[in-house]
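In: Any chance you can model this:
(chains A and B)
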Amino acid sequence: MIGLTIDGKAVQVQDGTTILQAAGFLDIKIPTLCYHPLLKPFGSCRMCMVELGNGARGQLVTSCNTQCQPGMVVNTASKHAQEARRLLLELMLARWPNVPILRKYAEQLGLTAPRFISVVCDRHEDACILCGLCVRACDEVVGANAISFSDRGIQRHVATPFDVESEACIACGACAHVCPTHHFKFEGEDYKGKPPEFLLGPNTAIYVPTPQAIPRVPTIDPESCIHFQTGACEKCVEVCEPEAVKLEMEEEEIEVDVGQILIATGYDTMDPTPMAPYGYGRLDNVYTSLDVERMLNAVGPTGGRVLLKNGALPRAVGIVHCIGSRDENYHRYCSRVCCMYALKFAHLIKERTHAEIYNFYIDIRAFGKGYEEFYSRILNEGVNVIRGKVAEVVEAGWSKKEEGTLLIRCEDTLIGKFREIPVDMVVLCNAIEARRDAEQVGRLFGLSRSPDGFFLERHPKLDPVATLSDGLFIAGCAQGPKDIPDTVAQASAAAARMLGVISKGVVEIDPIRAEIDDKLCSGCRTCVPLCPYNAISYLEETKVSEVNSTLCKGCGTCVAACPSGAITGHGFTDDQVYAELEGVLAP
Amino acid sequence: MNTNEKQFEPHIVGFLCNWCSYTGADLAGVSRMQSAPNLRIIRVMCSGRVDPSFVLRAFQLGADGVLIAGCHPGDCHYQEGNFKALRRAVFLKRLLRGFGIDERRLRLEWISASEGEKFAKVSTEFTEQVRALGPLQLQVPQEALAEEEAMAA
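Out: Predicted structure coming up:
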């Protein structure tokens, strides 16, 4: 450990610590421009000058790359150090007078009127101040080396080789991340009508999906992670104290032997973009229910405030029920949960914005405990409910002042008139539908689906958690749209059923099985490849085939195929079927 | 209208697989869907259980039409049984032609457990098709039938 004094305060540091870092331990801030904690110190900007010793014996050094020595006495804001910084800033402000970070440091040093004028003055706020952080980041962290300084003197600028688009650049954004003046910009796709923050995706390659994620650990997106593209960076590994980041981890396929499976794969929401009259994705301030849930969330992109895209509060909001539900052209079924969350939105939005709220419904489905009472409460709060379908949402601003106002054209069936309601924001209660991969999942497990696409229960009234296959259960929205209390009830039921089977200790299998009579079997092996469960094996010693009755599921395919008639399909023998035929065709 | 002449009521036998088509037919029943009463159902576990001799026996015993119904391809409860039924149905049709039986009297359908409406529609449609074809006048020599029964005993 090394002992030194900074600004009169004593501090002990490890060998190799720089003065800047040591000052950081004491919460002493030294101005820097070319320093970044993730990059090796460069010492080019000279802003971090500090004075060692004092008076005539004083020596100015750059604190970012000078290592602490035992007994050092450092003065971070001595007269000489400040003068040095002031001159630097005067020179830089001559060239880049409007860059915020330079102006901030100038203010801190009491510098108001720079003395110099430069012939290459750049008045932009985001001017490049040639600090070189981007170049070093691209080299050290990314390992791509796509940009560097080009030319000399006043022509010096940061560029790709020959100022053309570089193949080495992997578009990782590290340069934009370290730039102190925001000179590098991320150019995102055009998401007109939908704020990009609502897209639930990472903003760094290593990220916690949402602040309320369970488990609350970060995950790495291998497609955007620099390490997986160039082999460099690994900054996350460096900064993680418990060394929890292991970049070599690979996907493992784990095989688990189980006796029962519960499918609770949930649902997807319908994308309302194809429903052009509603303007989702085309008009600003038209949102789906999930967008609004995100907006209302305290850790969401707006911190829970309900705002229009331009940051203003809405004066009127329209909430449209049944988008894609109860609709012959999309889904005929009712999505069950939307009426209640639409009322919830009405309440919360009104509470947070005091806007005029309009709910456009066909029926209000308030079927649960306390639901109807909640609906009454919402009506009492002055929410306008209009019974009728919305025909379209159009832009209706007549003047520049009204730009962005939306007009909802609807039918009010209770008064028998068409209405046009001006609003600032529209919320679409889009339908719940089966997951996009429901067909594949169904094939994988052998699950049938009902016509609406959700998995089929064994019996709609008497067995809503079991399926036609033994040992396979379904629960939640995978079986059909439902809200949280019903999902919990169904999931508990399914779990209890499965536990019941386990606790019994034995499984009953039905006696419908195939059996081969070895006296009749000719050993032709026609049946062997037909069995989907590989339950039939040919015995070399006796030259006949045999059915393994624990594997056999009783489908009867082998029974029908046997040319010798040697296989008996217990429960559905040939004689039994012939007898049935005689019965049904009796004259 | 001659009220003495009764319309020909075809006898249709349906081999329905337990998991999909039989359940679909049950759903049609539970949903009180109307369909022709001519279809007599014989339940098998899988459409792959249907032996070609079942179909021939059915025609022999007086059926005018036979329906084999199973799960949709890819959805068979026993993985591939319905594909075997498909193969057998193709050859059966050829065989029926050889016997002089109109191959339209045999129909193969894929009906899933939730397709009650489809079952009702197929049942009614097939009945009408067979009615249009008329009764199957299959001449089975009595001696041959008796011989067969003696052998089976």
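In: can we go C-alpha only for contacts and neighbour counts from here?
Out: OK.
In: average pLDDT for the longest helix along chain A?
Out: The residue-count maximum for a helix in chain A (DSSP state H) belongs to helix A:484-504. Averaging pLDDT along helix A:484-504 yields 96.
In: who does that helix touch, helix- and strand-wise?
Out: Packing contacts for helix A:484-504, counted by 3 or more C-alpha pairs under 8 Å, 6 or more residues apart in numbering or on different chains; DSSP states H and E, involve no helix or strand.
In: Name the residues of chain A found near chain B, please.
Out: Within chain A, the positions near chain B by C-alpha under 8 Å from any C-alpha of the partner chain are A:443, A:446-451, A:456, A:468-469, A:532, A:553-561, A:572, A:577-578, A:580-582, A:584-586.
In: Contacts only, for residue 102.
Out: Looking at chain A here, since you left the chain open. Contact partners of residue A:102, counting by C-alpha atoms under 8 Å, 6 or more residues apart in numbering or on different chains, are A:89, A:92, A:93.
In: I was thinking of chain B, sorry if that wasn't clear
Out: Residues in contact with residue B:102 (C-alpha under 8 Å, 6+ apart) are residue B:96.
In: C-terminal to the longest helix of chain A, what's the next element?
Out: Scanning forward in sequence from helix A:484-504 by DSSP states H and E, the next helix or strand is strand A:514-516.
In: chain center to that next one, what's the gap?
Out: 53 Å (C-alpha atoms, centre = their mean, to the nearest Å).
In: Counting by contacts, list what the next helix-or-strand element following it packs against.
Out: Going down the chain from strand A:514-516, the next helix or strand is strand A:536-539, by DSSP H and E. If you count contacts as 3+ C-alpha pairs under 8 Å, 6+ apart, strand A:536-539 packs onto strand A:544-547.
In: still on that earlier bit, identify the residues contacting the longest helix of chain A?
Out: A:260, A:262, A:464, A:465, A:466, A:471, A:473, A:474, A:475, A:476, A:477, A:507.
In: now do stretch B:114-129
Out: With C-alpha under 8 Å, 6+ apart, stretch B:114-129 has contacts from A:449-451, A:456, B:10, B:12, B:20-21, B:23-29, B:31, B:33-36, B:38-39, B:107, B:111.
In: Show me the residues of chain A next to chain B that map onto strands.
Out: Using DSSP state E, no member of the residues of chain A next to chain B falls in strands.
In: Pull out the buried members of those.
Out: Among the residues of chain A next to chain B, those scoring as buried are A:446-450, A:456, A:468, A:532, A:553-561, A:572, A:577, A:580-582, A:584-585 (criterion: 16 or more other C-alpha atoms under 10 Å in any protein chain shown).
In: what about chain A, any weak spots by pLDDT?
Out: Applying pLDDT under 70 to chain A flags the ranges A:54-56, A:186-203.
In: any chance you could map the helices in it?
Out: Under DSSP H, chain A gives helices at A:19-25, A:79-95, A:100-108, A:133-136, A:174-178, A:227-230, A:235-239, A:289-296, A:338-353, A:371-380, A:438-445, A:484-504, A:557-561, A:574-584.
In: Go through those and name the closest to residue A:206.
Out: Closest approach to residue A:206 among the helices of chain A is made by helix A:235-239 (8.1 Å; C-alpha to C-alpha).
In: for the closest one, packing partners?
Out: Using 3+ C-alpha pairs under 8 Å, 6+ apart, helix A:235-239 sits against no helix or strand.
In: Break down chain B into its helices, ranges please.
Out: Using DSSP H, helices in chain B cover B:21-30, B:52-60, B:81-99, B:116-133, B:142-152.
In: related to what we said a few turns ago, looking at the contacts of residue A:102, state which has the most neighbours.
Out: Neighbour counts for these peak at residue A:93, which has 25 neighbours (criterion: other C-alpha atoms under 10 Å in any protein chain shown).
In: if I pick that residue, what's in contact with it?
Out: Applying C-alpha under 8 Å, 6+ apart, we find residue A:93 in contact with A:102, A:103, A:114.
In: Closest one of those to chain B?
Out: Set against chain B, the nearest of the contacts of residue A:93 by C-alpha to the nearest C-alpha is residue A:102 (68.3 Å).
In: so how far is residue A:212 from that closest one?
Out: 38 Å (C-alpha to C-alpha, to the nearest Å).
In: ditto for residue A:87
Out: 49 Å.
In: Of these two, give the one with the bigger neighbour count.
Out: A side-by-side neighbour count of residue A:87 and residue A:212, using other C-alpha under 10 Å, places residue A:87 first with 16 against 9.
In: Residue B:58 contacts residue B:68, doesn't it?
Out: No: using C-alpha atoms under 8 Å, residue B:58 makes no contact with residue B:68, being 11.9 Å away.
In: and chain B, which of its residues are near chain A?
Out: B:11, B:13, B:19, B:40, B:42, B:44-46, B:48-52, B:54, B:57-58, B:61-63, B:74-81, B:84, B:112-115.
In: ok, residue A:457 - contacts?
Out: Taking C-alpha under 8 Å, 6+ apart as the criterion, residue A:457 is in contact with A:463, A:464, A:465, A:466, A:467, A:468, A:474, A:479.
In: Quick one, which of the residues you listed are buried?
Out: Buried members of the contacts of residue A:457, scored by 16+ other C-alpha under 10 Å, are A:464, A:465, A:466, A:467, A:468, A:474, A:479.
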